[in-house]
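Novice: this is the structure alone, sequence omitted:
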């Protein structure tokens, strides 16, 4: 190839249109000067005369100067925000999920902030923890058998977090911070991914005990746009750092020596935007690409991670010396008590005795006063006359309010028996706090839920009534924990409800003080035994065995194909050429909506080995439908096909 030929740039367009998910050639005019790979540019789009932003992925020369090419319009910024390693990761993630690379990049590359960019200099000095802090980090790592070898050898592991606290921070946060500190001392960056801001704050506290603040880079949605862009620019530098953030932090463009994910069963780690890739799957692809260490840390074990442990893909790392929470299950006599008895006498006495020493945690399933009401005569669920939504009460004696449309039901009458009387059918956090406040006179009652966020409570006596996942950290740990509403939680129509409940209960139990009683009320069976014996991995393994004959995730991958009946039919015909098993496709079934034409949905189950072929075929179908729709076949903007791979619960 002639070095004197015309310079061209291959550009990835920042567009949600699936047919534009490829590299486009543009001529580079001489007046732009030297152009760096990864910079943002503006280029003309051949249709509608529009100019669109994109990223320069490759620069080349060509001899065929007669080939008609549009020219790059301008350079938006001289900063190479898309290094080759980030583009390669985005491409791999998108291809696996039958999505677009630009959709992945939109999750990680913030909008440009000119002032931040002008003040940025890419010469941050490397920060190294001092020897004393490094010794503390190594001491934390030493509490886990084999973890030091996993980190040193850039291997993969599922780590069972030790319940409890170390130096005032949760033990899980301490082990993530220690692992990242060890990497920093070795001159390598780390990416620590957590589900929400509460976990992020706890992890930042743990890092503050072990590593200099200059080495920590936040990457979360609470940041202002300038701060987020400033953090992103820092990850482009050569100096190693510790990236801490939510699900999109897994794409941070550092050269990673460690990627660690805390509590991968939390639904917040499942990306709600296209291409809908779970942070766990992105982390696995990231580890393969960067050849770095990978840790999945949790008090429980998801079936997804346990499948990889069974296959030998992940090592099973546990505490060198296990100290298990003291879980107390309901007795057979207590199990036979009426359901109105929410807290049996043993749990009540344990909570009352513990309040003499410090805070007690009571976990409930739902926020509010009474999230649901029923007819006082026939017990039929009370529904809104306007929209059919469930009626609930915000406090004792309150006018019922619809949970969907928010309308007050002042003149409600039961459509089944015409009664106008209502009965409280459930107890939320506020009603439970009201009841316990009367049962524990003189004890302060604290409500912690989505409407009343509480991060920490002191060591003074108190009853903390918290919804699952909203439990605050107590100074010195809770002196007793009571887990209510277990039977109600387990009744949810969810394939993963058992492992979800076990995760909620285990995370709450890990907040207990040493040897504090933890009462699981009204639950028996395999899930309760797994909590009592602290054998969450065994429970996940049994779940895998039960799902395998049904080809349910994660023993198989599952894709949702949704669109008009014709578009879904064409996609399924294309999949038929892959020789998938005869029972691979479930459906199509109608989707309840007001769309015209009506939409249908089908599930496709396939083995992991067929994943690349299925994803490629489905992506080709999406592109074909988008192009056909643009050319006039179906003028409804929602008539194109939509696909989503690796759904967690295949509920039609």
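Specialist: Alright, I've got the coordinates. On a predicted model such as this, the values are computed, not experimentally measured, just so you know.

Novice: partner strands of the strand ranked longest in the chain and their direction?
Specialist: In the chain, taking DSSP state E as the definition, the longest strand is strand 51-62. Strand 51-62 has the following strand partners under DSSP bridges: strand 6-13 (antiparallel), strand 40-44 (antiparallel).

Novice: show me what the shortest one is in contact with.
Specialist: Under the criterion CB atoms under 8 Å, 6 or more residues apart in numbering, residues 9, 11, 13, 24, 26, 35, 50-56, 70-77, 79, 81, 112 lie in contact with strand 40-44. All C-beta atoms are positioned from the backbone trio N, CA, C, and that covers glycine.

Novice: still on that earlier bit, show me the one of the strands paired with strand 51-62 that comes nearest residue 624.
Specialist: Of all the strands paired with strand 51-62, it is strand 6-13 that lies closest to residue 624, at 18.9 Å by CB to CB.

Novice: after that closest one comes which helix or strand?
Specialist: strand 23-27 (DSSP states H and E).

Novice: list the helices and strands that following strand packs on?
Specialist: strand 6-13, strand 51-62 (3 or more CB pairs under 8 Å, 6 or more residues apart in numbering; DSSP states H and E).

Novice: relative to strand 40-44, how tilted is that strand?
Specialist: 80 degrees (axes from the mean of the first three to the mean of the last three CA atoms, to 10 degrees).

Novice: in strand 23-27, what's buried?
Specialist: By neighbour count on 16 or more other CB atoms under 10 Å, the buried set for strand 23-27 is 23-24, 26-27.

Novice: which of the helices and strands packed on strand 23-27 sits most buried?
Specialist: strand 6-13 (a mean of 20; mean count of other CB atoms under 10 Å).

Novice: just give the closest residue to residue 60, not the sequence neighbours.
Specialist: Nearest non-adjacent residue to residue 60, counting by CB to CB, 6 or more residues apart in numbering: residue 8, 5.4 Å away.

Novice: my bad, should have said residue 111
Specialist: residue 225 (6.3 Å).

Novice: so who does that neighbour touch?
Specialist: Taking CB under 8 Å, 6+ apart as the test, what residue 225 contacts is 110-111, 113.

Novice: go again with 10 Å.
Specialist: 110-113, 116 (CB atoms under 10 Å, 6 or more residues apart in numbering).

Novice: what residues are up against residue 458?
Specialist: 358-359, 474-476.

Novice: now the residues you listed: which count as buried?
Specialist: 358-359, 474.

Novice: so which of those residues are in strands?
Specialist: Using DSSP E, the buried ones among the contacts of residue 458 in strands are 359, 474.

Novice: and the buried ones among the contacts of residue 458, which is closest to residue 596?
Specialist: Among the buried ones among the contacts of residue 458, and counting by CB to CB, the member closest to residue 596 is residue 474, at 54.6 Å.

Novice: tabulate the buried ones among the contacts of residue 458 (CSV), appending distance to residue 565 and pLDDT.
Specialist: Below are these laid out as CSV (distance: CB to CB, whole Å; pLDDT from 0 to 100):
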residue, distance to residue 565, pLDDT
358, 61, 96
359, 57, 97
474, 55, 96
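
Novice: show me where pLDDT drops low in the stretch 201-350 of the chain?
Specialist: Applying pLDDT under 70 to the stretch 201-350 of the chain picks out residues 338-341.

Novice: helices and strands of this protein: which one bottoms out on pLDDT?
Specialist: strand 422-424 (a mean of 71; mean pLDDT, DSSP states H and E).

Novice: tell me the centre residue of this structure?
Specialist: residue 269 (0.7 Å; CA atoms, centre = their mean).

Novice: wait, isn't that one in contact with residue 261?
Specialist: Yes. The criterion here is CB atoms under 10 Å, and residue 269 meets it with residue 261 at 7.1 Å.

Novice: what about the helices in the stretch 401-550 of the chain?
Specialist: 429-439, 486-490, 497-509, 526-532, 536-547 (DSSP state H, counting those that start in this stretch).

Novice: please identify the buried residues of the longest one?
Specialist: Along helix 497-509, the positions that meet the burial threshold by neighbour count (16+ other CB under 10 Å) are 498-509.

Novice: want to throw those into a markdown table with distance to residue 592 and pLDDT?
Specialist: Converted to a markdown table, the buried residues of helix 497-509 look like this (distance: CB to CB, whole Å; pLDDT from 0 to 100):
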| residue | distance to residue 592 | pLDDT |
| --- | --- | --- |
| 498 | 27 | 94 |
| 499 | 28 | 95 |
| 500 | 25 | 95 |
| 501 | 28 | 96 |
| 502 | 32 | 97 |
| 503 | 30 | 97 |
| 504 | 29 | 97 |
| 505 | 33 | 97 |
| 506 | 36 | 97 |
| 507 | 34 | 97 |
| 508 | 36 | 97 |
| 509 | 39 | 97 |
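
Novice: same list (those residues) but as a markdown table, adding distance to residue 350.
Specialist: Shown next, in a markdown table, are the buried residues of helix 497-509 (distance: CB to CB, whole Å):
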| residue | distance to residue 350 |
| --- | --- |
| 498 | 25 |
| 499 | 27 |
| 500 | 25 |
| 501 | 21 |
| 502 | 21 |
| 503 | 23 |
| 504 | 20 |
| 505 | 16 |
| 506 | 19 |
| 507 | 20 |
| 508 | 15 |
| 509 | 14 |
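
Novice: pLDDT weak spots in the stretch 51-200 of the chain?
Specialist: Judged by pLDDT under 70, no stretch of the stretch 51-200 of the chain qualifies at all.

Novice: sorry, back to before: just the buried residues of strand 23-27 now: which is nearest residue 610?
Specialist: Out of the buried residues of strand 23-27, the member with the shortest distance to residue 610 (by CB to CB) is residue 23, at 26.9 Å.
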